[in-house]
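Novice: only geometry, no sequence info:
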C-alpha cells in the first residue's frame, strides 16, 4: 500500500524544480498556475532567488507546495502514478489535500502565502526560536518545557513529534536557549538550533488562527478522493466537513508526524514515497525503519531513477 508524503518548511532551495520545469510541460503548467495565483513571480524566486527572499516564510511555503504538486502531477501524468494514503508535514498537509483532490492548487498557494505572512507577523524575527532534540524521552522534554515556561518570557513547548528519537521545541528564544542549557547539563540529548524565522506550532502562533480562519472561509473544500492523515490527531480525513478545523488547529498544536507514520502503517502502508524539493521525510523514515521501501522524487535525477517503479 502506497503512502505519499509531502515535506514542510525548510526544504526550499534556490533552483528547486528548475530541471523538471525545463523538461516537462506539465511542471511548467503547474508553476505558471501558481504564479497566476499570487501577485509576484514565484517561479523567479524558486529558480533564481535570492536565497534571503526565498527563505522568508511567506515565500518558502508556496514555493515548497508548488514544487511538491508539480512533481506529483508529473508522476501522475507521465507514469499513471496513484497512491492509497497521503499526509504532509505541517505546510505539507496543504500539498496532501491538493494531491487528494480536496483543495485546488490556486487556493492552496494563496492560502499558504497568507499563512506564512501571518506567521512571520505573529512574532518579530529574532524573538522566537526552534530547536531539534535528539532523544526518545519525549515526556521529559515536555516536562522541562513546562518548567522553563513558568517564566512567561521563556515560554517554549514541543512543536513536532517527528520520530522516535527526534522532537522539535518552539517558543521564545529565551526559553529555547534555557532548554539547550538544561539538556546539556542533564545529558538528556543533543539539541540542534534550527534556522527558522518564526516559532511554529506553539501558542505564540495563536494570532494566526483568527486571520487564517477568514482566509479559509473563502475556500471551497471538496471531499478527498483518497484518505488524508491530518497532523494533530492523526485522524483520517474522509470528507470535507472538518478540513478547515484541522488546518486551524495545526497552526498552534504540535505536528504528530510519528503518529501519522504509525497510523499509515496500521492502515497497511508498506511503500513510502516523498515528492518535494528535498527528501526530508523519507530520510527520517529510513533512519527509523531501515528496511522500509522508501523513495523520494525531488529532481530530474531521482525522477529518472524511480519512474520505472511508479
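Specialist: Looks like it arrived, so ask away. The shown structure was predicted, so the numbers you read here are calculated from the model rather than taken from an experiment.
Novice: What are the buried residues along the longest helix along the chain?
Specialist: In the chain, taking DSSP state H as the definition, the longest helix is helix 57-79. If you call a residue buried by 16 or more other C-beta atoms under 10 Å, then helix 57-79 has these buried ones: 57-75. Where you see a C-beta, it was placed from the backbone N, CA and C, and this is true even at glycine.
Novice: just the helices in the stretch 1-150 of the chain please.
Specialist: In the stretch 1-150 of the chain, the helices defined using DSSP state H, counting those that start in this stretch lie at 18-23, 25-37, 42-48, 51-54, 57-79, 92-99, 105-122, 138-148.
Novice: Most tightly packed of these?
Specialist: Of all the helices of the stretch 1-150 of the chain, helix 92-99 carries the top mean neighbour count, a mean of 28, counting by mean count of other C-beta atoms under 10 Å.
Novice: angle of it against helix 25-37?
Specialist: Helix 92-99 and helix 25-37 are oriented at 120 degrees to each other (axes from the mean of the first three to the mean of the last three C-alpha atoms, to 10 degrees).
Novice: Begin at 50 from now on, thanks
Specialist: Fine by me, first position is 50 from now on; the one you just mentioned is helix 141-148.
Novice: now what about helix 141-148, what contacts it?
Specialist: Helix 141-148 has contacts (C-beta atoms under 8 Å, 6 or more residues apart in numbering) with 53-57, 113-114, 117-118, 121, 132, 135-137, 152-154, 157, 160-161, 270, 273, 275, 277, 279-280, 286, 292, 295-296, 299, 325, 330.
Novice: Contact partners for the nearest residue to residue 198 once chain neighbours are set aside?
Specialist: Of all residues not flanking residue 198 in the chain, residue 204 sits nearest, at 4.7 Å (C-beta to C-beta, 6 or more residues apart in numbering). Taking C-beta under 8 Å, 6+ apart, we find residue 204 in contact with 197-198, 220-221, 224, 251-253.
Novice: run the last query once more with 6 Å
Specialist: 198, 220-221, 224 (C-beta atoms under 6 Å, 6 or more residues apart in numbering).
Novice: Next: residue 308.
Specialist: Residue 308 neighbours (C-beta under 6 Å, 6+ apart): residue 283.
Novice: roughly how far apart are the residue nearest to residue 198 and residue 248?
Specialist: According to C-beta to C-beta, to the nearest Å, residue 204 stands 9 Å off from residue 248.
Novice: do the same with residue 208
Specialist: Applying C-beta to C-beta, the value for residue 208 to residue 248 is 8 Å.
Novice: Do a quick rundown of the strands in the protein.
Specialist: 51-55, 134-137, 177-183, 205-212, 215-221, 239-242, 277-278, 285-286, 320-324, 342-346 (DSSP state E).
Novice: So which of those strands is nearest residue 71?
Specialist: strand 342-346 (16.2 Å; C-beta to C-beta).
Novice: Which strands or helices does the closest one pack on?
Specialist: Here strand 342-346 touches strand 320-324, helix 329-337, helix 349-355, going by 3 or more C-beta pairs under 6 Å, 6 or more residues apart in numbering; DSSP states H and E.
Novice: Report the mean confidence score over it.
Specialist: Per-residue pLDDT over strand 342-346 has a mean of 96.
Novice: Which positions within it qualify as buried?
Specialist: Buried residues in strand 342-346, defined by neighbour count with 16+ other C-beta under 10 Å: 343-346.
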